[in-house]
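J.: Predicted coordinates and the sequence they were generated for:
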Amino acid sequence: MSTVTATALQSSAPPILPQGFSAKQPPTIRLYPLSNYTFGTKETQPEEDPSVLARLKRLEEHYEQYGMRRTCEGVLLLIYGRPGDYLHHDDDEVEGFKARLNERLAPVGSQFSGKGVNDEWEIGDTLAQWWRPNFETFMYPFLPGHVTRPKECKKLYFIQLPKKKVLSVPKNMKLLAVPLFELYDNTARYGPQLSAIPHLLSRYNFEFVDENDNVVAVTPGEHLGGEVPQTKVLLSGDEGSKGSNKNGAGQGDTGMGGLEGQ
């Protein structure tokens, strides 16, 4: 078995191929190189709450008026992220989530609109649901049996990036790419929600393509090209970077990242 496709294989001793081992799995996910994506910056988006206590207080006020809060976050491939936010009480779940993604990452204006230039978000499978049983910071990946009125449900969606996408990051935030092996079993640094993402993605098979749409690597491994993936700052709001990020992670740098406030 090899992660290198037949068209990219250069070895004179090709591996022995076993019988197929992909029954009952979701469709294979295609990942595009980072150079396919364009990054820019836009105006600062101030935090709604100055502290955790203020956020919990606002959650309590929301619950008293509208009931359980619904929050959506996304995992983006190849650039992983958990951009997202809570939905307004009257929002449709999917359309409301797309609107919040656009608030966080869509460029300002319409010059980058259009199919093939900046395709619409593709909201995929629900990877996980996290429940907040009370007005406190801790959340559970299940609803405890004694809880009948949860205060918030956070859904984590799988978002497959299209072939081309233009992303604009608020000046007070950063877009990071973190390798999966750094997240795995690392609750001390990333917390239970982020560190669980490698487990959630293990059900999928992936194929990595180059800039010419050639499939160069497939699951179960990654085509690293001799480079060891590391956490990368894809864009910092104060850098004002425009245009494609040609020096970012390669197609094998499968990782998770997100928007980080400064």
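T.: Cool, the structure landed.
J.: Could you use CA atoms for every contact and neighbour count after this?
T.: OK.
J.: quick one: low-confidence ranges for the stretch 1-150 of the chain?
T.: 1-11, 14-18, 20-21, 77-84, 109-119 (pLDDT under 70).
J.: All the strands of it, in order from the start?
T.: 29-31, 37-42, 69-77, 84-86, 123-132 (DSSP state E, counting those that start in this stretch).
J.: Next, format these as CSV and append mean neighbour count.
T.: Formatted as CSV, those follow (neighbours: other C-alpha atoms under 10 Å):
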stretch, mean neighbour count
strand 29-31, 19
strand 37-42, 22
strand 69-77, 23
strand 84-86, 20
strand 123-132, 17
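J.: Turn the ones you listed into JSON lines, including distance to Leu201.
T.: Listed next are these as JSON lines, based on distance: least, C-alpha to C-alpha, whole Å:
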{"stretch": "strand 29-31", "distance to Leu201": "11"}
{"stretch": "strand 37-42", "distance to Leu201": "22"}
{"stretch": "strand 69-77", "distance to Leu201": "10"}
{"stretch": "strand 84-86", "distance to Leu201": "19"}
{"stretch": "strand 123-132", "distance to Leu201": "8"}
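J.: for the ones you listed, which one sits closest to Phe181?
T.: strand 69-77 (15.2 Å; C-alpha to C-alpha).
J.: Which elements pack onto the closest one?
T.: Judged by 3 or more C-alpha pairs under 8 Å, 6 or more residues apart in numbering; DSSP states H and E, strand 69-77 is in contact with helix 52-66, strand 84-86, strand 152-160, strand 255-256.
J.: Mean neighbour count, the ones you listed: which tops it?
T.: With neighbours taken as mean count of other C-alpha atoms under 10 Å, those reach their highest mean count in strand 255-256, at a mean of 26.
J.: hang on, the earlier thing: out of the helices and strands packed on strand 69-77, which comes closest to Phe206?
T.: Taking C-alpha to C-alpha, strand 152-160 is the member of the helices and strands packed on strand 69-77 nearest to Phe206, at 11.2 Å.
J.: relative to strand 123-132, how tilted is the closest one?
T.: 160 degrees (axes from the mean of the first three to the mean of the last three C-alpha atoms, to 10 degrees).
J.: With distance to Leu143 added, can I get the helices and strands packed on strand 69-77 in TSV?
T.: Output for those, formatted as TSV (distance: least, C-alpha to C-alpha, whole Å):
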stretch	distance to Leu143
helix 52-66	17
strand 84-86	19
strand 152-160	9
strand 255-256	26
